[in-house]
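Novice: Below are the sequence and a predicted model for it; my questions follow.
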Amino acid sequence: MKNITTDLADRLALLHVRHNVVFGLAGPSLPDFVAKQFMTTAHILAEGLRAEDPDTVAKVRGVVDPAELSGTSFWITNLGRLLFMAGGYGNGQVTQALAAGVLGCSRQWVHELVASRKLLSAPAPVGAVPARAVDAEQVRGLLKAKLDRPVK
């Protein structure tokens, strides 16, 4: 799995290339000083996410392709988990499958957390098909506890 800083730097470089292509600027290759600047910026963004800075969360959400934010595959990456932990998930509820992916556990374990009331089921909106959803803030709290454990 990609390192968080490298992932952010790659995404910044991709935005740079897209900008150049759209506006017809210089070719897609990056000079070394620009690549170093992206790594520096990526490091600053990663540290801002670790500090749960809301401005940094908004910037990183802007760097990530919006299509990725709607799928599970992004949220189970190192960057996705860090963004989730920092409060970057935009919805108040997550599916149990997404919760399991973010927490790095099985869906059965998430179901057991719900059954033991350590994780609350989120109510389905009126008129919607009931889905197995849980409260995103509680998942965030469990993820914070899990990510803090190895550091301490």
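Specialist: Received the coordinates, thanks. Numbers count the residues shown, from 1 in each chain.
Novice: what about Val134, which SS state?
Specialist: Reduced to three states with DSSP: H, G, I helix; E, B strand; the rest coil, the structure at Val134 is strand.
Novice: how does the chain divide into domains?
Specialist: 1-71, 91-152 (automatic domain parsing).
Novice: Walking through this structure, point out its helices one by one.
Specialist: Under the criterion DSSP state H, the chain contains helices at 4-23, 32-50, 54-63, 66-69, 72-75, 78-85, 96-103, 107-115, 136-151.
Novice: Same list, these, but as a markdown table with mean pLDDT please.
Specialist: Below are those laid out as a markdown table (pLDDT from 0 to 100):
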| stretch | mean pLDDT |
| --- | --- |
| helix 4-23 | 85 |
| helix 32-50 | 88 |
| helix 54-63 | 94 |
| helix 66-69 | 90 |
| helix 72-75 | 93 |
| helix 78-85 | 95 |
| helix 96-103 | 93 |
| helix 107-115 | 92 |
| helix 136-151 | 83 |
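Novice: All set now, cheers.
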